[in-house]
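A.B. asks: How does the following fold in three dimensions:
(one chain, ligands or ions: 1)
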Amino acid sequence: MKKIMDLIAEELAEAFEKAGYDRKYAKVTLSNRPDLCEYQCNGAMAGAKTYHKAPIMIAEDVVALLQDSRCLSEAGAVKPGFINMKLKEEYVADYLNQMEESSDLGLEKTENPEMIVVDYGGPNVAKPLHVGHLRSAIIGESVKRISRKMGHKVLGDIHLGDWGYQMGLIITELRERKPDLPYFDDAFEGEYPQEAPFTIGELEEIYPTASGRAKEDEAYRENALHATYLLQNGHRGYTAIWNHIMHVSVTDLKKNYANLNVDFDLWKGESDAQAYIPDMIERLKKDGYAHQDQGALVIDVQEETDTKEIPPCMIQKSDGASLYGTTDLATLVQRVEDYRPDRIIYVVDKRQELHFVQVFRAAKKTGIVPEETSLKFLGFGTMNGKDGKPFKTREGGVMRLENLIAEITEEMYRKIDENRTVEEAEAKETAKIVGMAAIKYGDLSNQASKDYVFDVDRFTSFEGNTGPYILYTIVRIKSILNKYQASGHELEGLKVAGATSESEKALMLEVVKYNEVMETAFEELAPHKICAYIYDLANAFNRFYHETRILAEEDEEKQKSYIALLKVTKNVLEACIDVLGFEAPERM
Ligand code: ARG
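C.D. replies: Have a look, this model is predicted:
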């Protein structure tokens, strides 16, 4: 379905043309003055120069031709040259009914589906997930869903940090604790055990212990670096340990991400890029893109227009080891080869921006990525505590994701329990669902690049711009629909007939924006625009609800129209929270 704004613009364009002006001036926007009108056009002001006419005269010419419009009930010219418009109620009602009958609520999907890779999550294997990874997961998941909703082909790739120094640390610590394991016996030629020599709990303790020891003890650090080197060069026993670490860790990660309702199509990692490195480096050297600089191999990425220095992208250290940039470039080789993406979106902490500037430039310059492929860094800000510093536990440690979720769920349960009408088990389940919405909405409602304060009290509140408020609104609608049905009425086949009050019209006008909002959210990769929209929509609904007797309405036809409007409102809200990555319970 065409966007309602485009439908108005089409009609306006006809009027501009008929009046002797160029169609291009018929641009429609939402009204800046909702007290005066619903939509407006400022084209007369833009056309004044071309036509050597006062804008108000142009506006009046156009308005004169809009008097028996299909979609407008009012069109007025206002000084200095605004065209103010209001929509016919029947027209909006008809649009809403068509939304209900169309697939995906009439969303106008892209005409040119792209192949998009979203690189997000980025957890580091064997280290517990912490809140820093939370934002990447939440924002990336939403960007993936929005892109898919708009009709693009999307692959979400978790891009595990599974090849670094942390692996050498774990191997070193394990070796000290259990030197007799066959992995450490170079003479061992048999089959290594199937069972991992640690559980996930042990693994999560081993890593911080090893990391702490390496900081104090130089010899230990050397050992860990050497173990990393051996692993990366195919050491048989270490590779077997690495496989155990991967298996144990990934199983745990899958559980954690499933809890977050985050789902990856690809579970690739830095290790998968290794196979592409030797050939890539060979070619970069041969083609003269990479050169030696103080022993290291680098690609210059400085550009003439830069106002600050952009250091070269390092692809090999003097000892032959590869770096973060090498892995990201080699991953690009693999992605281009396997998926031929039109764009790749990286959802990563904005503090890594320079790294991505270097990698993107190097990739384009060397032809690893074709010129027409878009590489986009979607950098996000830090999640802070109420003290304005990066979020920590009460004890000041790094907050683990599981604990954060548990804390929110508990708080949610406390709130739900205050006036609980359902069984405890259901209340617990509901607390989980609402808690997830509190976390995700709290995050996504901020522009991604901004830092924000994670405020448990505010995020879990049922009032204000929060996830629980949105869910509460959906549940309220569900409850009315259920009661309507329970009193012997059909929910199917109902049509919105028109508006009988100002608040009803206002709600209708919010619902029809869905199409535009989803498109803008995709174009700007901005889930926060969807949050802002559903907050307005929920407010419009609640105002209508408080001013209207819906279930008590005696005029059956009027009531049917109300119910139809409620249904489409609920469907839009649910479609929106789905792309944000959460869902609503049946009741709460
Ligand atoms: N593992 C990295 C980290 O924890 C994030 C990975 C981001 N993605 C990428 N392609 N570099 O900082």
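A.B. asks: for this protein, what spans make up the strands?
C.D. replies: Under the criterion DSSP state E, the chain contains strands at 28-30, 39-41, 72-78, 82-87, 115-119, 153-157, 290-293, 296-299, 313-316, 343-349, 374-380, 383-384, 452-453.
A.B. asks: I'd like to know which residues of the chain are adjacent to the ligand.
C.D. replies: The chain comes close to the ligand at residues 119, 122, 124, 159, 161, 328, 346, 348, as judged by CB under 6 Å from any ligand atom. The way it works is simple: take the backbone N, C-alpha and C, and place the C-beta from them, glycine included.
A.B. asks: and those residues as a markdown table, adding neighbour count and pLDDT?
C.D. replies: A markdown table is the format used below for the residues of the chain next to the ligand (neighbours: other CB atoms under 10 Å; pLDDT from 0 to 100):
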| residue | neighbour count | pLDDT |
| --- | --- | --- |
| 119 | 25 | 98 |
| 122 | 22 | 96 |
| 124 | 20 | 92 |
| 159 | 28 | 98 |
| 161 | 21 | 94 |
| 328 | 23 | 98 |
| 346 | 25 | 98 |
| 348 | 23 | 97 |
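A.B. asks: from those, which two are the most distant?
C.D. replies: Pairwise distances across the residues of the chain next to the ligand peak at 16.0 Å for 124 and 346 (criterion: CB to CB).
A.B. asks: gap between the nearest residue to residue 106 once chain neighbours are set aside and residue 95?
C.D. replies: Here the nearest residue to residue 106 in space, its sequence neighbours aside, is residue 1; by CB to CB, 6 or more residues apart in numbering that works out to 3.3 Å. Between residue 1 and residue 95 the distance is 8 Å, computed by CB to CB, to the nearest Å.
A.B. asks: and what of residue 541?
C.D. replies: Between residue 541 and residue 95 the computed distance is 17 Å (CB to CB).
A.B. asks: now swap in residue 137 and tell me
C.D. replies: 36 Å.
A.B. asks: between the two, which one's more packed in?
C.D. replies: Neighbours per residue, other CB atoms under 10 Å: of residue 137 and residue 95, the larger number sits with residue 137, 26 against 22.
A.B. asks: contacting residues for the spatially closest residue to residue 83 that is not a sequence neighbour?
C.D. replies: Spatial nearest neighbour of residue 83, chain neighbours left out: residue 41 (4.2 Å); criterion: CB to CB, 6+ apart. Contacts for residue 41 (CB atoms under 8 Å, 6 or more residues apart in numbering) come out as 12, 25-29, 62, 82-83, 85.
A.B. asks: out of those residues, which are buried?
C.D. replies: Burial by neighbour count, 16 or more other CB atoms under 10 Å: within the contacts of residue 41 this picks out 12, 25-26, 28, 62, 82-83, 85.
A.B. asks: Out of the residues you listed, which is nearest to residue 487?
C.D. replies: Taking these together and measuring to residue 487 by CB to CB, the closest member is residue 85, at 39.4 Å.
A.B. asks: Surely the closest one is in contact with residue 78?
C.D. replies: No - applying CB atoms under 8 Å, one finds residue 85 not in contact with residue 78, separated by 10.7 Å.
A.B. asks: how close does the residue sitting furthest away from the middle of the chain get to residue 236?
C.D. replies: Note on the chain: the largest C-alpha distance from the chain mean falls to residue 187, namely 50.3 Å (CA atoms, centre = their mean). Noted for residue 187: a distance of 11 Å to residue 236, by CB to CB.
A.B. asks: now residue 425
C.D. replies: The gap separating residue 425 from residue 236 is 50 Å, by CB to CB.
A.B. asks: isn't residue 28 right up against residue 7?
C.D. replies: No - when contacts are counted by CB under 8 Å, residue 28 is not listed as touching residue 7 (9.2 Å).
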